[in-house]
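**Student:** Quick one: sequence and predicted model below, then my questions.
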Amino acid sequence: MVDYLTNALWTDDEIAFRKEVQEFCAKEIAPIADELDKGPYPRELLSKIGKAGYMGVHHDKSVGGTERGLSYEIIVAEEISAVNAGLDMARMASTTLYGMPVARFGTAEQRKKYLEPVVAGDKIGCIGITEPDVGSDTAGMTTQAVKEGDDWILNGEKRFITNGSQADYMCAFAITDPGVKSKNGMSAFLIDTKTDGFSVVQDHDLLGMKSARVSWLKLEDVRVPGDMLLGKPGEGFRILMDELDSERTAIAGEAIGYGRTPYEIAVKYATERHQFGRPIRAFEGVSFKIADMAMKLEAGRALTLTAARMYDRGEKITKAAAIAKLYTTEAAIQITNDALQVLGGMGYTTDYPVQRFLRDARLMTIGGGTAEILRFLIQREVFKEFFPG
Ligand SMILES: Cc1cc2nc3c(=O)[nH]c(=O)nc-3n(C[C@H](O)[C@H](O)[C@H](O)COP(=O)(O)OP(=O)(O)OC[C@H]3O[C@@H](n4cnc5c(N)ncnc54)[C@H](O)[C@@H]3O)c2cc1C
């Protein structure tokens, strides 16, 4: 299965690593992939993924990671998502969405206490940005944190938080200085979810990603010690923007996974299914769909690896990450939808997981920056390149 995934862009070590992750997924996840869709995923599974080293490929050795970089994280994301997308959404929310802000802006003590157990898979993290009245316009955030002695008191609501009801720790964003623009008045905090005042309003009932839990949370006078501020006061928006670049690249990796399995199923089905005395792949209406799927997967993988390589070299990837995420997530919706069409009526049954991948893929032009917002970002970066200053 691995052969057609290898090309000139990947190193030998990355190819070997992909094979290793595939073997893990085949043994530990594939046998329960459909069962997982009844959700939520068992905690021990995340722990197993952590013990196998797949929570920390892009984290430092000092916190138990392997320091291999984002190019390896997109391999893990693709491989796990190719088996069960919701499980990877939960894994990634913990290790990348929560993990990267802690890794890049946390103190050595914060990383030891709040990141190391997450990389090991023993604790679960989540990120709290979105609120009932604040989605794409993150700068309009209303959750407030007020200083009281050395502590901060947080009040507000966070909606659509992946892992929200399962997490041990949250990286939460809140306004600390309402007197200035939120780009300078927002801060990031680490919260222990067992703290008084932290509560789950409800888990959302979702169309897909059923193996994950996505929650609406309330923060009522949650007292956060001063040493759980992440970065400096007022640095929250910068931390948020930094996080989104790695998140979008990793989501692009996932999106290739959502598309890949339905594509593989469609290729086999088109060969085995006969109508009008021949395999349905003999009809261009079917085989050209397969061609489009293959093209989109290859192009998406190249775009995603480009963004990951740039990130690993320390380059700014706002545009590259937005392009990779936008392209792969729109492609994943088209591929899963076309694959379902190739399977005809069988595609609409739960005998095949194609419908599950279609439901899962549908999320990703929404979460982590909608397609509209990404187009806005890409054009903004393009015009900046042409007309700097
Ligand atoms: C399953 C799931 C998991 C999630 N996980 C997390 C998580 O872990 N942590 C977290 O903080 N958030 C999470 N989110 C929230 C997600 O990031 C937001 O849903 C997303 O950013 C969009 O916000 P919104 O849903 O409020 O839509 P809105 O911002 O209200 O947008 C509604 C529509 O208006 C469009 N629109 C808005 N502004 C513009 C504009 N300027 N130009 C053009 N069109 C525009 C949007 O593109 C969209 O089509 C999750 C969401 C879901 C559904």
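**Tutor:** Received, thanks. Numbering: from 1, shown residues only.
**Student:** what does the stretch 51-200 of the chain put close to the ligand?
**Tutor:** Contact residues, the stretch 51-200 of the chain versus the ligand (CB under 6 Å from any ligand atom): Ala93, Leu97, Cys126, Ile127, Gly128, Ile129, Thr130, Gly135, Ser136, Phe160, Ile161, Thr162. (Each C-beta comes from the backbone N, C-alpha and C, glycine too.)
**Student:** just checking, what's the longest helix in the chain?
**Tutor:** helix 236-272 (DSSP state H).
**Student:** avg pLDDT for it?
**Tutor:** With pLDDT averaged residue by residue, helix 236-272 scores 97.
**Student:** Count residues in the vicinity of the residue in the stretch 1-150 of the chain positioned nearest to the ligand, would you?
**Tutor:** As assessed by CB to the nearest ligand atom, the ligand sits closest to Gly135 within the stretch 1-150 of the chain, at 1.7 Å. Gly135 has 15 neighbours, counted by other CB atoms under 10 Å.
**Student:** Could I get the buried residue list for stretch 371-386?
**Tutor:** Using 16 or more other CB atoms under 10 Å as the test for burial, stretch 371-386 gives Ile373, Leu374, Leu377, Ile378, Glu381.
**Student:** Now do the third one against the ligand, distance only.
**Tutor:** Pointing back at Leu377 there. 10 Å (CB to the nearest ligand atom, to the nearest Å).
**Student:** Help me confirm that that residue is found in a strand?
**Tutor:** No - if the criterion is DSSP: H, G, I helix; E, B strand; the rest coil, then Leu377 is helix and not within a strand.
**Student:** Quick check, it in contact with Gly369.
**Tutor:** Yes - using CB atoms under 8 Å, Leu377 is in contact with Gly369, at 7.4 Å.
**Student:** Common neighbours of the two, please.
**Tutor:** Counting by CB atoms under 8 Å, 6 or more residues apart in numbering, the common neighbours of Leu377 and Gly369 are Ala322.
**Student:** three-state assignment of Ala174?
**Tutor:** strand.
**Student:** close to the ligand, is the longest helix of the chain?
**Tutor:** No - using CB under 6 Å from any ligand atom, helix 236-272 never reaches the ligand; the gap is at least 9.1 Å.
**Student:** if I pick the residue positioned nearest the centre of the chain, what's in contact with it?
**Tutor:** With distances taken as CA atoms, centre = their mean, Ile251 lies nearest the centre of the chain, 4.3 Å away. Residues in contact with Ile251 (CB under 8 Å, 6+ apart) are Ala77, Met92, Lys325, Thr328, Thr329, Met364, Gly367, Gly368.
**Student:** Swap in 7 Å and give it another go.
**Tutor:** Lys325, Thr329, Met364, Gly368 (CB atoms under 7 Å, 6 or more residues apart in numbering).
**Student:** Check Met89 too.
**Tutor:** Met89 neighbours (CB under 7 Å, 6+ apart): Thr162, Met209, Ala212.
**Student:** still on that earlier bit, so can I have TSV of the residues of the stretch 51-200 of the chain next to the ligand showing secondary structure and pLDDT?
**Tutor:** TSV is the format used below for these (DSSP: H, G, I helix; E, B strand; the rest coil; pLDDT from 0 to 100):
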residue	secondary structure	pLDDT
Ala93	helix	98
Leu97	helix	97
Cys126	strand	98
Ile127	strand	98
Gly128	strand	98
Ile129	coil	98
Thr130	coil	98
Gly135	coil	96
Ser136	coil	96
Phe160	strand	98
Ile161	strand	98
Thr162	strand	98
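**Student:** Select only the buried ones of those in ChimeraX?
**Tutor:** A single ChimeraX command selects the buried members of those (16+ other CB under 10 Å):
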select :93,97,126,127,128,129,130,160,161,162
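**Student:** Name the nearest of the residues of the stretch 51-200 of the chain next to the ligand relative to Phe198.
**Tutor:** Nearest to Phe198, judged by CB to CB, of these is Gly128 at 10.2 Å.
**Student:** bridging residues for Val224?
**Tutor:** Trp152 (DSSP bridges).
**Student:** Kindly tell me how buried it is, as a neighbour count.
**Tutor:** 22.
**Student:** Thought Asp150 was touching it, still the case?
**Tutor:** No - counting by CB atoms under 7 Å, Val224 stays clear of Asp150, with 10.2 Å between them.
**Student:** Which residue, other than its chain neighbours, is closest to Ala103?
**Tutor:** Nearest-residue entry for Ala103: His59, 5.7 Å, with adjacent residues in sequence omitted and distances by CB to CB, 6 or more residues apart in numbering.
**Student:** In contact with the residue of the stretch 1-150 of the chain closest to the ligand: list those residues for me.
**Tutor:** Neighbours of Gly135 in contact, by CB under 7 Å, 6+ apart: none.
**Student:** Who wins on neighbours among the contacts of Ile251?
**Tutor:** Going by other CB under 10 Å, Lys325 tops those with 33 neighbours.
**Student:** quick one, strands of the stretch 201-350 of the chain?
**Tutor:** 214-224, 229-230, 274-275, 278-279 (DSSP state E, counting those that start in this stretch).
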